[in-house]
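Visitor: this one's structure only:
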């Protein structure tokens, strides 16, 4: 199938314009759907570990058809996002129109799932996504795809490329005494990763650099509130601790890494970067990345030998920003969201091969 290449609007190729404009368009009347899908159900799914935490997902079924009539797509947001993020809602709307069931997942303690979990998510916590995919396969459709954005894309690739031992490590770090279950088939049949951080150390350095100060400020403000909600445990002098956190590296070193079972940020980054797992991914997939992404360093992309992964379609555009790709208007994407068009086109080709 012919792919329409990404073409930014006139005077709209700047990386920060591309990164921010999608969120600004959400303020335009009529741009966001009033209601996503025909059937909107909430499901609360227990986590596999011993914490007692639960995951909140939103299920949208494509019309009232017979059980398992259509493939399902699970959508996973990025850093400090949720099932309500603009790119998640718009993608869900487009997938539903294309004839897929859709599941919008909240990572642990994100969005409306905040009251359901006492512990935070992280870039390497894949067992939660596995639980949602298993729920989707059992209750919605036997054929499932997963689409991850940014940090969520890292989780998707890592999950599909890691082994049982790594999943067992995650469970035991959170108090479980049992091993991760053996899998007879991959958790998902196909995947899409949008703006994935294949390498985490340099991407963190980029996010902590002066050009990204605005993004850093917004994300740190949100994630510090997660600490205040007690998701990283009890602290005697909470505000003093948070006051001294000025960068993402400092936050990950002090909070994220220990909560995930690592001795520090560098060990956390070196263990959880999806680029370490991508060669073990066996299912077909699409990976989208922009060379001018202001938050994700391209070193992970450049260090990957894509020729050794013929089942993965890797597309690198010159412009597009981070989870951006706001394009010139086209009949196939009148809302200007080129990446949504490309992802749905890819998934439709996969679906058509099932019949």
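Guide: Noted; the coordinates are in hand. Nothing here was measured: the structure is a model prediction, and the numbers come from that model.

Visitor: quick one, strands of the stretch 151-300 of the chain?
Guide: Secondary structure of the stretch 151-300 of the chain (DSSP state E, counting those that start in this stretch): strands located at 190-194, 285-290.

Visitor: quick one, which of these is packed in tightest?
Guide: strand 190-194 (a mean of 28; mean count of other C-beta atoms under 10 Å). Bear in mind the C-beta positions are built from the backbone N, C-alpha and C, glycine included.

Visitor: Quick one: work out the angle between that strand and strand 285-290.
Guide: 10 degrees (axes from the mean of the first three to the mean of the last three C-alpha atoms, to 10 degrees).

Visitor: Mark out where each domain of this protein begins and ends.
Guide: 15-199+278-354, 201-272 (automatic domain parsing).

Visitor: circling back: mind putting the strands of the stretch 151-300 of the chain into TSV with mean pLDDT and distance to residue 127?
Guide: Putting these into TSV (pLDDT from 0 to 100; distance: least, C-beta to C-beta, whole Å) gives the following:
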stretch	mean pLDDT	distance to residue 127
strand 190-194	98	17
strand 285-290	98	20
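
Visitor: Of the domains of the chain, which is nearest residue 5?
Guide: Closest to residue 5 of the domains of the chain is domain 15-199+278-354 (C-beta to C-beta; 8.0 Å).

Visitor: roughly how far out does stretch 153-170 sit from the chain middle?
Guide: Relative to its chain's centre, stretch 153-170 lies at 14 Å (C-alpha atoms, centre = their mean, to the nearest Å).

Visitor: do stretch 179-192 as well
Guide: For stretch 179-192, the distance to the chain centre is 17 Å (C-alpha atoms, centre = their mean).

Visitor: now what about it, what contacts it?
Guide: 48, 74, 127, 129-130, 133-134, 143-148, 156-157, 159-160, 164, 167-168, 170-171, 281-288, 343, 346-347, 350 (C-beta atoms under 8 Å, 6 or more residues apart in numbering).

Visitor: Same list, the strands of the stretch 151-300 of the chain, but as CSV with distance to residue 321 please.
Guide: Formatted as CSV, the strands of the stretch 151-300 of the chain follow (distance: least, C-beta to C-beta, whole Å):
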stretch, distance to residue 321
strand 190-194, 12
strand 285-290, 6
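
Visitor: Compare those strands and give me the one nearest residue 26.
Guide: Residue 26 sits nearest to strand 190-194 of all the strands of the stretch 151-300 of the chain, at 17.1 Å, using C-beta to C-beta.

Visitor: Fine, thanks again, bye for now.
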